[in-house]
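K.L.:
Next come a sequence and a model predicted from it.
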Amino acid sequence: MSIKQQIEQLHATLPEDVTLVAVSKFHPAEAIIEAYEAGQRIFGESRPQEMAAKAATLPEDIEWHMIGHLQTNKVKMIAPFVKLIHSVDSPRLLAEINRWGEKCGRTIDFLFEIHLAKDESKSGWDLEEFSNFIESDTLASLKWVRPRGLMTIGTLTDDIEQNKQEFKTLRQMFDSLKGRFSESFDTVSMGMTSDYEEAIECGSTMVRIGSMIFGERDYSK
């Protein structure tokens with residue numbers, strides 16, 4: 001199927017309350033334009049420099065989501081325009097995003113990335129660290145960021161039940177936290193090409209799909 005056909009099929013089959021993030025990292029602007037012309041407006045990138053370069057040349061109504069690990073010294077590259085940062089994994093990073101939000105005069109939306117996978121190389125808050133942070137007064141002091149929800153990356157495994165358990169845990173965490181935040185706390189970002197259907201079954205409201213839309217990426221570039 002072409003990029004256009006994949007986008008159209010996903011838009012037709014995803015539940016109405018599930019948002020599609022087309023993961024365009026490592027893919028050229030031409031591929032993004034094909035998806036854009038098929039009606040897709042939300043794109044996910046993992047490298048700030050690549051995101052900034054694409055944002056400078058592609059249509060202004062695209063919503064750019066930062067889905068990869070974000071270094072504090074790269075926040076400034078995306079702070080003026082990023083729509084949602086999925087990968088906030090530490091108090092230090094969140095403080096830096098807040099600082100650049102103030103510099104840019106805009107509140108930056110973000111998700112807490114929670115580490116639930118059986119893979120120690122994955123980033124994200126561990127459960128105890130996250131609980132301690134939520135119970136502290138730190139978040140209330142950060143006026144230029146807005147928590148929108150939670151994100152996780154499932155374990156890379158053929159055991160789909162393992163992934164489903166992780167997804168269910170994240171959804172339960174989200175439900176238990178909703179009362180602490182405003183109505184804008186509305187997003188559970190989980191599920192990629194290989195497991196998005198299971199993630200939706202477990203309560204995902206946002207899926208990050210790349211290779212199914214654009215094909216395999218060329219990591220050598």
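P.N.:
Looks like it arrived, so ask away.
K.L.:
list the contacts for the residue sitting nearest the centre point of the chain?
P.N.:
In the chain, the C-alpha nearest the mean C-alpha coordinate belongs to His86, at 3.4 Å (Cα atoms, centre = their mean). Neighbouring residues of His86 by Cβ atoms under 8 Å, 6 or more residues apart in numbering: 44, 65-67, 110-111, 113, 151, 189, 208. In short, each C-beta sits where N, CA and C put it, glycine included.
K.L.:
the strands in this structure, which residues?
P.N.:
19-23, 42-45, 63-66, 84-88, 108-113, 145-151, 187-189, 206-209 (DSSP state E).
K.L.:
Dump those into TSV; add distance to Arg171 as well.
P.N.:
Converted to TSV, these look like this (distance: least, Cβ to Cβ, whole Å):
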stretch	distance to Arg171
strand 19-23	15
strand 42-45	20
strand 63-66	20
strand 84-88	16
strand 108-113	14
strand 145-151	9
strand 187-189	6
strand 206-209	12
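K.L.:
Output these as TSV; include the columns mean pLDDT.
P.N.:
Formatted as TSV, these follow (pLDDT from 0 to 100):
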stretch	mean pLDDT
strand 19-23	98
strand 42-45	98
strand 63-66	98
strand 84-88	98
strand 108-113	98
strand 145-151	98
strand 187-189	98
strand 206-209	98
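K.L.:
between these, which gets nearest to Ile32?
P.N.:
strand 42-45 (6.1 Å; Cβ to Cβ).
K.L.:
Can you tell me how far Arg208 is from Phe110?
P.N.:
According to Cβ to Cβ, to the nearest Å, Arg208 stands 15 Å off from Phe110.
K.L.:
just Val18 next, same as before
P.N.:
20 Å.
K.L.:
Quick check on these two: which one has the bigger neighbour count.
P.N.:
Counted by other Cβ atoms under 10 Å, Val18 and Phe110 do not tie: Phe110 has more neighbours, with 26 against 17.
K.L.:
That one against Asn98, yeah?
P.N.:
No: applying Cβ atoms under 8 Å as the test, Phe110 and Asn98 come out as separate, 9.5 Å apart.
K.L.:
residues shared between the contacts of those two?
P.N.:
Val145.
K.L.:
Which pair of the contacts of His86 spans the longest distance?
P.N.:
It's Phe110 and Arg208 that sit farthest apart of these, by Cβ to Cβ, at 15.1 Å.
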